[in-house]
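Visitor: After the sequence you'll find the predicted model.
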Amino acid sequence: MKKLFFILFFLSSFNVFSAGSKIDIPKYDWSWKGFFGTYDRASAQRGLKVYREVCAGCHSMNYLSYRNLSDLGFSEDHIKVIAAENLILDGPNDEGEMFERDGLPSDKFANPYANDKAARAANNGAYPPDLSLIVKARPKGADYVKSLLLGYVDPPKDMTIPNGQHYNKYMAGNLIAMASPLSDGLVDYDDGTQNSMDQMTTDVTTFLAWAAEPSLEDRKRMGFKVILFLVVLFILAYISKQQIWRDVKY
Amino acid sequence: MSDKKTPRRDFIKLSAMTLGGVGAASLAIPFISSMNPGKDTLALASTEIDLTPLEEGQSLTVIWRGKPVFIKHRTKKDIEDAKNTSLADLPDAEEDSARVQNDKWLVVLGVCTHLGCVPLGQKTSDTKGDYGGWFCPCHGSHYDTSGRIRKGPAPTNLPVPPYVFLTDNRIKIG
Amino acid sequence: MSSSDPQGYKKTLNSPYTGFKGWIDSRLPLVRMMEAEYLKFPVPKSLNYFWSFGGIAMFCLIGLILTGIFLGFHYKPSADDAFDSVERIMRDVSFGWLIRYLHANLVSFFFIATFIHIFRALYFGSYKAPRELVYIFGLTMFMLMMATAFLGYTLPWGQMSYWGATVITNLFSAIPVIGDAILTLLLGDFTVGDATVNRFYVLHWLLAFAIVGLVVFHVITLHMTGSNNPTGSEPQSWDETVSFHPYVTIKDLNATIFFFIILAFILFYYPNILGHSDNYIKANPMVTPAHIVPEWYFLPFYAILRAIPDKLGGVLAMFGSILALGLLPWLDTSKVRSCLFRPVWRYCVLLFAINFLVLMYMGGKPAEGIYVLISRIGTAYWFLFIFVLAPLVGFLETPRQPLSISNYLRSKKA
């Protein structure tokens, strides 16, 4: 009992990490939350479309390969088509020159810029961060990403916005170099889903959450089994312990 | 500490021990499994090759799973030699027809079955051994135009990797 | 055997076993040692579950080494590759995510177990004679653990890895005159860089096994004196002890399984809750994160570091806080071990534990205003506890007469 108390005490002291920001990020319901949560495949597939048509112009996803999309329910042939729509720099060939070819499923997602410096140069010095881990790399994760995309509102009257900056109520410091990337109806969905701002931000966030933690579903499934196993083992070990110690006379 | 034992307590202890053992054993699975090639490596485990630029008599070496694969566009003579060889002359008897999907194209793993060297014979300037196929410089194994061992210490023929013809001029290895 | 050894002085030949066991045992006395130290070894009957945390910590250490080996198969220690290779482990290596999350979370649970283990030693007086060396080896291990954890935290090469390493290694620059030269020597570069991550990887391995070596000494010294117990009284007869196996093994196993259920819960459902999100951003030497916080288990010591306004003073206080604990066996003047029978010291120790948690909280807060003040009070109490309260309370307090193990158990049952 005492032990439990101590462990809880230790755990309760962890929220100290979230210190700092005074901006309240709203909480959303995500399909992958909870003990048995899974990524909403249809939503993530739509999110991929949003990423490819909007975000991919500036943001790389260096840790994702096209083959990973099979996790989201894309067929092998479909992935080949998606991959082939991108040009990948390969080489050197036998003549010693670099060449461009169509992407293959085994390729990493194509990077919009040749390197970080090119990315900065094209964006007034602001570096568009890689999105493969963005949901894990921000304190409030998915809630933050969705909020940020929805956070472009009119600035307070007394605030002057520097050139090349935009007001966002969820960004730390409220100034962000990225202009609002989405607007109602911007991306056409193939499955007829209403392409509202809210839907698009949910979809792209679901896609990014999957990209950051593709092992989540395996992890939760395995966790349930492991904990169940340990609980049964604990019960048996506890009964054994009681029986063994019954011999000990005080 | 008495030695008194009841069947029930033995049963509980035994099941606890068994369950613990099963748990420890299953814990080994992820660890051992992690030593296998990763998904990125497996994704490169199939290679597609365009055969169009390869003219009769020429060979091509491609990398599949980090190993060289020999693709040979065989001449008429090569094919005839391979077909007319009597099985009795072969240390590792195998029909040529069992080793090719299309007579014109021979696809074999370019790794000598003796001790893993890469045989010569891919370039036109290479020595091709006594049987017009490949010759392993390490310990002198001779392979014929079907990649079969004819002379030397190698025990078996050059293995044929799994491959399919996607079109007449395009194959996928792996 | 007696014919070749008429006087019986070659004790290695007098194995009590026969057959294969005897063959091994007369050449390598492992069988006899294991039996004496792990099967028949007498342990006081009155141990409570606080005594399970040493074993739990050992299981954590084994788990860390095991997962570490398998991570090492895939990890690449270089500034360019480290972050990418960790991501490859998470995405492409079969069960890589499991092994990496296990490694990352086991560290935290290793520290939880160790903190409770140390608290146990303080509360029940396990550090007092004749167990001073057990305690000193333990504290040495604790310091090595912190060093190993710090080195390991650098390896994923995220933003927190990089800046944590920068801040902590800069502590060495506080050394007068030669500080900067030492820093450069440690880093192998003028900043934390490629050379640093490479050597940190090697040192991370080395120190991990140094800890294993110290575990051996910790256990040898413990088995010389035998375990302390809640009463602090030594067992007076065999009746007051039980054999290590099966009594202690099954009990520790119970506690370990329970502990690992909690670990599994964190591991499978909140694997990143003990970490910091900034560490999923690849290290960037040009951009410092807004809020650098060390891992939670360093926070109390980080608070002590920041409580002292002087750079060198802060560093000395931080390292001194653990070293000073090593003096406790000689500074504590009481004849009685266990806090169960020490009415005043008991509250000093409990306050020390609470103070530790308060410092932990303060370490995670920005160094400003009230947080600094509380950190200073906490730091002051830390040293007051060791250098003033330990000798003074021992003199002034009137302890109760400690119960014998049998009487204690009887009174508990009643």
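Guide: Looks like it arrived, so ask away.

Visitor: Closest approach to chain C from chain A, which residue is it?
Guide: Closest to chain C within chain A is A:Gly223: 2.4 Å, counting by C-beta to the nearest C-beta. C-beta here means a position set from N, CA and C on the backbone, and glycine is covered the same way.

Visitor: Surely that residue and C:Ala264 touch.
Guide: Yes. Counting by C-beta atoms under 8 Å, C:Ala264 is a contact partner of A:Gly223 at 6.4 Å.

Visitor: before we move on, the earlier item: backbone torsions only: list them for the residue of chain A closest to chain C.
Guide: phi -60, psi -40 (degrees, to the nearest 10).

Visitor: Could you pull up the residues touching B:Phe70?
Guide: Going by C-beta atoms under 8 Å, 6 or more residues apart in numbering or on different chains, B:Phe70 touches B:59-61, B:106-110, B:121-122, B:134, B:147, B:158.

Visitor: Adjacent strands (with direction) for the helix or strand bottoming out on mean pLDDT in chain B?
Guide: Ranked by mean pLDDT, DSSP states H and E, the weakest helix or strand in chain B is strand B:47-50, scoring a mean of 82. Strand B:47-50 sits in its sheet next to strand B:170-173 (antiparallel), going by DSSP bridges.

Visitor: how far does the strand it pairs with sit from the chain's center?
Guide: 15 Å (C-alpha atoms, centre = their mean, to the nearest Å).

Visitor: In this structure B:Val100 contacts B:Val108, no?
Guide: No. Using C-beta under 8 Å, B:Val100 makes no contact with B:Val108, being 9.4 Å away.

Visitor: Among the two, which residue is more densely surrounded?
Guide: Higher neighbour count among B:Val100 and B:Val108: B:Val108, with 24 against 20, using other C-beta atoms under 10 Å in any protein chain shown.

Visitor: you'd agree the more buried one is in a strand?
Guide: Yes. Membership of B:Val108 in a strand is supported by DSSP: H, G, I helix; E, B strand; the rest coil.

Visitor: so how far is B:Ser97 from it?
Guide: 15 Å (C-beta to C-beta, to the nearest Å).

Visitor: And for C:Lys335?
Guide: Applying C-beta to C-beta to C:Lys335 and B:Ser97 gives a distance of 95 Å.

Visitor: ok now do the most centrally placed residue in chain A, which residues does it touch?
Guide: Most central in chain A under C-alpha atoms, centre = their mean is A:Ala209, positioned 2.7 Å from the mean C-alpha point. Residues in contact with A:Ala209 (C-beta under 8 Å, 6+ apart) are A:Trp30, A:Trp32, A:Tyr39, A:Val135, A:Gly141, A:Ala142.

Visitor: Just flag the most distant two among these.
Guide: Using C-beta to C-beta, those span at most 13.7 Å, a distance reached by A:Tyr39 and A:Gly141.

Visitor: Check what pLDDT the residue nearest to A:Asp71 when sequence neighbours are not counted gets.
Guide: Spatial nearest neighbour of A:Asp71, excluding adjacent residues (C-beta to C-beta, 6 or more residues apart in numbering or on different chains): A:Pro214 at 5.7 Å. pLDDT recorded at A:Pro214 is 96.

Visitor: before we move on, what about C:Gly8?
Guide: pLDDT, C:Gly8: 63.

Visitor: same deal with C:Leu30?
Guide: The predicted local confidence for C:Leu30 is 88.

Visitor: Just give me the neighbour total for it.
Guide: 11.

Visitor: any idea how far it lies from C:Phe244?
Guide: 16 Å.

Visitor: Nearest to chain A: which residue in the stretch 251-400 of chain C?
Guide: Closest point on the stretch 251-400 of chain C to chain A, by C-beta to the nearest C-beta, is C:Phe268, at 2.4 Å.
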